[in-house]
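Peer 1: structure of the sequence below:
(one chain, ligands or ions: 2)
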Amino acid sequence: MRTVNVPLGNRSYDIKISPGLLGKLGAECARLKLGNRCAIITDTNVGREYAKPACNSLLRAGFEPSLVIVPAGETAKSLKSVQSCYDRLASHRLERKSFIVALGGGVVGDLAGFVAASYLRGIPFVQVPTTLLAHVDSSVGGKVGVNLKAGKNLVGAFYQPKLVLCDLDALATLPTREYRAGLAEVIKYGIIYDAALFARLERDMPKLLHRETKTLGEIIARCCEIKAEVVGQDETESGLRAILNFGHTIGHGLEAISSYGKYLHGEAISIGQIAAAKLSAELTGLPEKDVTRINNLFKCAGLPTTVTLNSAQRTKLFAAMKLDKKVSAGEVKFVLAAGIGKVVWGQNVPESLIHATIN
Ligand code: NAD
Ligand code: GLY
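Peer 2: Ligands and ions are numbered 1, 2, ... in the order given. Below you'll find the predicted structure:
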């Protein structure tokens, strides 16, 4: 088992990465000295596969779990779901020391984390991520929240879990498209922070695509280490944490103009990272050969690298980018690369250059 610590003073916690962790959920929660009553929040797909082993593990350790199942998909990240989770927690009489287990991908993690942050003004929660994206990104760092009609993640909090358990076995049932989407976040860590990781991904992408447990464990642990280092220095995104948004400005825009239907998040940020790499070649000196390496690696992972937009769609994309949370005083700020493994944040990019890149 690999363990990565997220260093946040008295809110520090471990991320454990190994096959077989779901069966140890109860024993791991027992070490945290929490109350007896708990609720597992999961979605219909994940619940079908993993709710029973999760419940049984908690029961074996003496806990009293109740199961809350939300519909699978982004629509579950809503205030309506939050309300229905509160009602279930109240009817199971969860108390201040009771806890929540978020069993699922980023949707469940963000929703359950927000419920934990706000129910009884905050009760503990444990993340048990089941998608690759959630293993390397959404379960770590404490961003929790839900969407509004006006936009994604507009209601939320910074609220850290007590523990993250990444069970590598859970990735076996993840549909291929979802798995590849998670690889977009994995590649992101190489570009923003670690040239050696990027080079390893170039070598080991075939092993990763075969979901080889040893390679996966090592790569997931490295991504979590990077996220832990960044969050440890800038929990609430006053500076450095912005680097985690590389490729997200255009990516979020693409998700928004396709009403969160056409692209998975990982697919949209794959295109967004290629666009950011091209802008970086113009503005921050990213060598052309590195733009090519970045492009090739996303292609090798089976991710989309281009998008065709007509002029009406381009106008909508710009409007969507301006609504993003990363906008400051009306200006869209970009994270750009100076080399593979080295990025700068808060960069202004002329609109004409964005237009030319998207063209
Ligand atoms: P998701 O949670 O919707 O899961 C993707 C699909 O896979 C769902 O249909 C789900 O039911 C299914 N699934 C999950 N695990 C499975 C498994 N092991 N086997 C079979 N099916 C499984 O999507 P996601 O990509 O994990 O997360 C996307 C969400 O994460 C977005 O809402 C995004 O905003 C959020 N996010 C949050 C952060 C953060 O820091 N909090 C970071 C990145 C993304
Ligand atoms: N996924 C971006 C962040 O956690 O900051």
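
Peer 1: next, count neighbours for the nearest residue to residue 318 once chain neighbours are set aside.
Peer 2: Excluding the flanking residues, the one nearest residue 318 by C-beta to C-beta, 6 or more residues apart in numbering is residue 351, at 7.1 Å. Using the backbone N, CA and C atoms, a C-beta is placed for each residue, glycine as well. The number of residues packed around residue 351, counting by other C-beta atoms under 10 Å, is 10.

Peer 1: in terms of contact, does residue 351 touch residue 317 like I think?
Peer 2: No. Between residue 351 and residue 317 there is no contact under C-beta atoms under 8 Å: 11.2 Å.

Peer 1: the strands in the protein, which residues?
Peer 2: Taking DSSP state E, the strands of the chain run over residues 2-6, 13-18, 37-43, 64-70, 99-104, 125-129, 143-148, 151-158, 163-167, 327-328, 331-339, 342-348.

Peer 1: okay if I get the ones you listed as CSV plus distance to ligand 2?
Peer 2: Putting the strands of the chain into CSV (distance: least, C-beta to the nearest ligand atom, whole Å) gives the following:
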stretch, distance to ligand 2
strand 2-6, 11
strand 13-18, 13
strand 37-43, 20
strand 64-70, 21
strand 99-104, 15
strand 125-129, 13
strand 143-148, 5
strand 151-158, 10
strand 163-167, 13
strand 327-328, 16
strand 331-339, 11
strand 342-348, 12
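
Peer 1: reformat those as CSV; add distance to residue 112, mean neighbour count and mean pLDDT.
Peer 2: Shown next, in CSV, are these (distance: least, C-beta to C-beta, whole Å; neighbours: other C-beta atoms under 10 Å; pLDDT from 0 to 100):
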stretch, distance to residue 112, mean neighbour count, mean pLDDT
strand 2-6, 18, 17, 98
strand 13-18, 16, 20, 98
strand 37-43, 4, 25, 98
strand 64-70, 8, 21, 98
strand 99-104, 4, 30, 98
strand 125-129, 6, 28, 98
strand 143-148, 8, 21, 95
strand 151-158, 12, 16, 91
strand 163-167, 13, 26, 98
strand 327-328, 28, 12, 64
strand 331-339, 28, 20, 91
strand 342-348, 29, 16, 94
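
Peer 1: which single residue in the stretch 151-300 of the chain comes nearest to ligand 1?
Peer 2: Distances between the stretch 151-300 of the chain and ligand 1 by C-beta to the nearest ligand atom are smallest at residue 173, namely 3.6 Å.
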